[in-house]
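Enquirer: Just need the structure, nothing else, for what follows:
(3 chains)
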Amino acid sequence: MQLPVIFLLLFSLGAPGAFAQDSKKEIEKYQQMIADSSPVELFELQGEALWRKRQGPKNASLEQCDLGLGAGALRGAYAQLPRYFKDADRVMDLETRLLHCMGALQGRSREEASKRVFGNENQPSEMELLSAYVAGESRGAPMAPGTAHPKEIAAYELGRKLFFYRAGPWDFSCTSCHGEEGKRIRMQDLPVLSTPAAARPVVATWPAYRVSNSQFKTMQWRINDCYRQMRMPEPNYASDLTIAIATYLTVTGKGEPYRGPGTKR
Amino acid sequence: MAAMKPIRRLALKGAGVLTAALLAPLLLPIRALAAGWNKDAFGSKTAADALKILGAAGSTESKDVVIDAPQIAENGAVVPIEITSNVPNTRSIAVVIEKNPFPLAARFDFGDGAVPYVKVNVKMGESSFVRVVAEAGGRYYAASKEVKVTIGGCGG
Amino acid sequence: MAEPMKIRAVLKGDVAEVRVLMVHPMETGQRKDANGSILPMHFIQEVTVRVNGRVMLEGQISQAVSRNPVFSFRLKGVKSGDKLEIAWLDNRGERSQSVTAIA
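Expert: Numbering: from 1, shown residues only, chains lettered A, B, ... in the order given. The predicted structure is shown next:
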């Protein structure tokens, strides 16, 4: 009679660990199944239409926008961002560069072009659609942000500093959530983004469609929302701060082929 | 069609009636939507009621009805469900999410050539069993799978 | 605003794998807007799949199908080049359809 009881005890003691492992596998299955049936392509298509649409005082499309590989060269362009741009004398990420082209090519004011950069589930923003399209054109290209120019190095350094910088009413920094192995919020594992291994899959799958709010979200949004969650003041869109963080993350996670706009929970 | 030879046309005409009779079971039109969206079934507040309205009250469990779905859905707003019915001559499949406010989520009717297979994303308000009922030859075959939901997806 | 539908239909052996992405809020009638008012039900109810004009599959769906529905179907006895048409009708009587050739 004693032996079965001992077996039962041993089995039940071992159970929590086993459950955690099974949960992780099942969640991976969920992630894989939703990725298979993602509406991301529709956003890319709509983004392409916007890319070609004539707009603004100059009644021009964005088709001649130079994202770093030459005017209108889209294949692989997203994968080499953020990078320094001579014409703006600034390191720019995708959204910053799109804003630049909206001004330079279409004659739109920065105020007008950045009026509604974050959309909602009924109406995505122009930026979100354009980001989906342009990012999609880098599928398979290895993530290779600029790392040589002094301003690129400065952006990386600033981003790294900001990653560890504690502030705000809760004294939070990015590391409060993303600084230690084995942490999670609800069912989502929190990657330690200062490590290449954790940063790579993240960098390879943004921008992304989030099923939880049925919206396509960009990296600028993600950074903005992290700041909100940390109860810090809202960062300005396409500001040096946000570009620096994006640079730090992308450089830390560089090297992997871009998988295309992702689908996340 | 216009260029068809007269002899052939005659032969076809003669065979027409017989052919139609032989082919009838194979070329049954899909009746479902002719009657419109099944308001009563979709408005049912319990799985049992919905299935009763669909005529599927008496179903037998069958391993031939296969549900592929994650055991855990990170977000109940989008739960991917992949269904295959290996029951021969399956003509329709109904998807019921037992704990949803309105359990009947979908019903698919398969005409000739349509494989009794579908993948669809559904909303689940809370952890629940997903029940799939396939109809073949006037009989109903069912399977269930439990899906745990960490965040409910119906809204509010 | 037009609601685009994206259909991908590829023949694998003798079965066409069809995947269709639709844009639709699939509003359940349970969500509230910022002012606290209920967002009314607005969802696709009927989906019809035709090949060369013949209805092959009909779907009746509810508000329990996710926003921006994505469906996968399989069709036998179809050929490359066949005309595949998918149409939907929602609870407000709005419709959409898209046609593509099976690859």
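Enquirer: what residues are up against residue C:56?
Expert: Taking Cβ atoms under 8 Å, 6 or more residues apart in numbering or on different chains, we find residue C:56 in contact with B:110-114, C:49-50, C:75. In this view, the C-beta of every residue, glycine as well, is placed from N, C-alpha and C.
Enquirer: So it: helix, strand or coil?
Expert: Here residue C:56 is recorded as strand under DSSP: H, G, I helix; E, B strand; the rest coil.
Enquirer: Same question for the one 3 residues further on.
Expert: Recorded secondary structure, residue C:59: strand (three-state DSSP).
Enquirer: Spell out whether stretch A:177-194 and chain B are in contact.
Expert: Yes: judged by Cβ under 8 Å from any Cβ of the partner chain, stretch A:177-194 and chain B are in contact via A:186-188.
Enquirer: Mind putting those residues into CSV with neighbour count and secondary structure?
Expert: As requested, the residues of stretch A:177-194 next to chain B are exported to CSV (neighbours: other Cβ atoms under 10 Å in any protein chain shown; DSSP: H, G, I helix; E, B strand; the rest coil):
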residue, neighbour count, secondary structure
A:186, 8, coil
A:187, 17, coil
A:188, 13, strand
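Enquirer: which of these lies closest to chain C?
Expert: residue A:187 (18.5 Å; Cβ to the nearest Cβ).
Enquirer: So the closest one is in contact with residue B:73, correct?
Expert: No: between residue A:187 and residue B:73 there is no contact under Cβ atoms under 8 Å: 9.6 Å.
Enquirer: Identify the contacts common to these two.
Expert: Looking at what touches both residue A:187 and residue B:73 (by Cβ under 8 Å, 6+ apart), the common residues are residue B:150.
Enquirer: Please list the outside residues in contact with stretch A:144-163.
Expert: A:79-84, A:89-91, A:173-175, A:178, A:193-194, A:240-241, A:243-251, A:254-255.
Enquirer: one more time with 6 Å, if that's ok
Expert: A:79-80, A:82-84, A:91, A:174, A:244-245, A:247-248, A:250-251, A:254 (Cβ atoms under 6 Å, 6 or more residues apart in numbering or on different chains).
Enquirer: ok, the contacts of residue C:56 vs chain A, which is closest?
Expert: residue C:49 (16.6 Å).
Enquirer: distance of the closest residue to the closest one other than its chain neighbours from chain A?
Expert: Once flanking residues are discounted, residue C:49 sits nearest to residue C:57: 4.1 Å by Cβ to Cβ, 6 or more residues apart in numbering or on different chains. Separation of residue C:57 from chain A (Cβ to the nearest Cβ, to the nearest Å): 17 Å.
Enquirer: Next, count neighbours for residue C:57.
Expert: Residues near residue C:57, counting by other Cβ atoms under 10 Å in any protein chain shown, number 26.
Enquirer: Pretty sure it sits against residue B:115.
Expert: No: between residue C:57 and residue B:115 there is no contact under Cβ atoms under 6 Å: 9.2 Å.
Enquirer: what about residue A:163, is that helix, strand or coil?
Expert: Per three-state DSSP, residue A:163 ends up helix.
Enquirer: Need the residue in chain C that's farthest from the chain's center.
Expert: residue C:35 (31.3 Å; Cα atoms, centre = their mean).
Enquirer: that's a strand at that residue, yeah?
Expert: No: remark: residue C:35 does not belong to a strand; assigned using three-state DSSP, it is coil.
Enquirer: what bits of chain A have low per-residue confidence?
Expert: For chain A, residues meeting the criterion pLDDT under 70 lie at A:1-20.
Enquirer: I meant chain B, not that one.
Expert: Scanning chain B for pLDDT under 70 picks out B:1-34, B:152-156.
Enquirer: Phi, psi for residue A:45 please.
Expert: As for residue A:45, its main-chain torsions (degrees, to the nearest 10) stand at phi -60, psi -40.
Enquirer: What count of nearby residues applies to it?
Expert: Other residues close to residue A:45 by other Cβ under 10 Å number 17.
Enquirer: Grab the nearest non-local neighbour of residue B:48.
Expert: In space, residue B:48 is closest to residue B:57, 7.4 Å off (Cβ to Cβ, 6+ apart).
Enquirer: Of the contacts of stretch A:144-163, which is the nearest to residue A:46?
Expert: residue A:79 (21.6 Å; Cβ to Cβ).
Enquirer: Tell me if I'm right that that closest one and residue A:140 touch.
Expert: No: Residue A:79 is beyond contact range of residue A:140, at 8.7 Å (criterion: Cβ under 6 Å).
Enquirer: which regions of chain C sit below the pLDDT cut-off?
Expert: C:1-3.
Enquirer: what about 80?
Expert: Scanning chain C with the threshold set as pLDDT under 80 gives C:1-4.
Enquirer: What segments of it are helices?
Expert: For chain C, applying DSSP state H gives no helices.
Enquirer: quick one: the strands in it?
Expert: Per DSSP state E, chain C carries strands over the ranges C:5-12, C:15-22, C:44-51, C:54-61, C:70-76, C:83-90, C:95-101.
Enquirer: okay, the ones you listed in CSV with distance to residue A:40 next?
Expert: As requested, the strands of chain C are arranged in CSV below (distance: least, Cβ to Cβ, whole Å):
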stretch, distance to residue A:40
strand C:5-12, 10
strand C:15-22, 9
strand C:44-51, 20
strand C:54-61, 21
strand C:70-76, 10
strand C:83-90, 19
strand C:95-101, 18
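Enquirer: what's across from the most centrally placed residue in chain B in the sheet?
Expert: The centre of chain B sits closest to residue B:93, judged by Cα atoms, centre = their mean, with a distance of 1.9 Å. Beta bridges link residue B:93 to residue B:108, residue B:134 when assigned by DSSP bridges.
Enquirer: what's the longest strand along chain B packed up against?
Expert: Counting residues, the longest strand found in chain B (DSSP E) is strand B:139-149. For strand B:139-149, the elements it packs on are strand B:59-61, strand B:65-68, strand B:72-73, strand B:128-136, judged by 3 or more Cβ pairs under 6 Å, 6 or more residues apart in numbering or on different chains; DSSP states H and E.
Enquirer: Any chance of those in JSON lines with distance to residue A:68 and mean neighbour count as columns?
Expert: Shown next, in JSON lines, are the helices and strands packed on strand B:139-149 (distance: least, Cβ to Cβ, whole Å; neighbours: other Cβ atoms under 10 Å in any protein chain shown):
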{"stretch": "strand B:59-61", "distance to residue A:68": "59", "mean neighbour count": "12"}
{"stretch": "strand B:65-68", "distance to residue A:68": "42", "mean neighbour count": "18"}
{"stretch": "strand B:72-73", "distance to residue A:68": "39", "mean neighbour count": "26"}
{"stretch": "strand B:128-136", "distance to residue A:68": "47", "mean neighbour count": "23"}
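Enquirer: quick one: which of the residues of stretch A:177-194 next to chain B is nearest to chain B?
Expert: residue A:187 (4.8 Å).
Enquirer: Near the nearest residue to the closest one once chain neighbours are set aside, how many other residues are there?
Expert: In this structure, residue A:187 finds its nearest non-sequential neighbour in residue B:150, 4.8 Å apart by Cβ to Cβ, 6+ apart. Per other Cβ under 10 Å, the neighbour tally for residue B:150 reads 17.
Enquirer: Quick check, residue B:150 in contact with residue A:188.
Expert: No: counting by Cβ under 6 Å, residue B:150 stays clear of residue A:188, with 9.3 Å between them.
Enquirer: Does residue B:115 touch residue C:74 like I think?
Expert: Yes: using Cβ under 6 Å, residue B:115 makes contact with residue C:74 at a distance of 3.8 Å.
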